[in-house]
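Colleague: Curious how this folds, go ahead:
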Amino acid sequence: MSTESPSSPAPEREVLDWETFGTASRALSREIVESGFQPDSIVAIARGGLLLAGAIAYALDVKACGALNVEFYTGVDARLPEPVVLPPLLDVQGLPGSRVLLVDDVSDSGRTLALVLELMRASGAEVRTVTLYEKPQTVLRPDYVWKQVDRWISFPWSTLPTITAADSVASAENDA
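Modeller: Take a look at the predicted model:
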């Protein structure tokens, strides 16, 4: 939990923009191909891994995609005691003997990635992991990672505030 006061300067952040995200996702896709790993399916850890998983799926021409919902972070430096898998659950019937690429945005503590990796391996899949970022304190080093950082990351899909019904009404009134 953050202990900063309103007058404290904002902490230095790693800022990822959309163009750099495109460059990073292509670089990771090339690294996966060059390693010789050919996934049968790609599974995103939702929500953070969804966009990267989609970008890599297109780059590798993998059509079998899925997601597993896991909640851990509840805000900047605020998290639950343990990661929690949320419904709907991933259909694991097709996993035995398959090659799966497990995707998340960052391996921060690594606990979410480790939990899902164990679940997938217990289902009989060969699993490799990929993230945009890896932090020094992670308990799980991804097989493929674009960049190592030690600060909070601002992603282009999560930096703007949530849109509410009141925002939509105000926007429509301004457009009229």
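
Colleague: For residue 113, which non-adjacent residue is closest in space?
Modeller: Nearest residue to residue 113, sequence neighbours excluded (CB to CB, 6 or more residues apart in numbering): residue 140, at 4.8 Å. Just so you know, the C-beta spots here come from the backbone N, C-alpha and C atoms, and that holds for glycine as well.

Colleague: how many neighbours does that neighbour have?
Modeller: 20 (other CB atoms under 10 Å).

Colleague: Surely it touches residue 130?
Modeller: No - applying CB atoms under 8 Å, one finds residue 140 not in contact with residue 130, separated by 11.9 Å.

Colleague: Next one: the nearest residue to residue 90 once chain neighbours are set aside from residue 50, what distance?
Modeller: Using CB to CB, 6+ apart and skipping the chain neighbours, the partner closest in space to residue 90 is residue 68 (4.5 Å). When distance is defined by CB to CB, to the nearest Å, residue 68 is 11 Å away from residue 50.

Colleague: pLDDT (mean, whole number) over the helix ranked longest in the chain?
Modeller: For the chain, the longest helix by residue count, based on DSSP state H, is helix 18-35. Across helix 18-35, pLDDT averages out at 98.

Colleague: which of the residues in it are buried?
Modeller: Under the neighbour-count criterion of 16 or more other CB atoms under 10 Å, helix 18-35 has 21, 24, 25, 28, 29, 32 buried.

Colleague: again with stretch 152-161
Modeller: Judged by neighbour count (16+ other CB under 10 Å), stretch 152-161 contains these buried residues: 152, 153, 155.

Colleague: How confident is the prediction for the residue lying closest to the first one once chain neighbours are set aside, by pLDDT?
Modeller: In this case it means residue 152. Counting by CB to CB, 6+ apart, residue 13 is the residue found nearest to residue 152 once chain neighbours are left out, at 5.1 Å. For residue 13, the model assigns a pLDDT of 88.

Colleague: wait, what's in contact with residue 13?
Modeller: Contact analysis of residue 13 by CB atoms under 8 Å, 6 or more residues apart in numbering lists 151, 152, 153, 154.

Colleague: Now, those that are in helices?
Modeller: Among the contacts of residue 13, none falls in helices (DSSP H).
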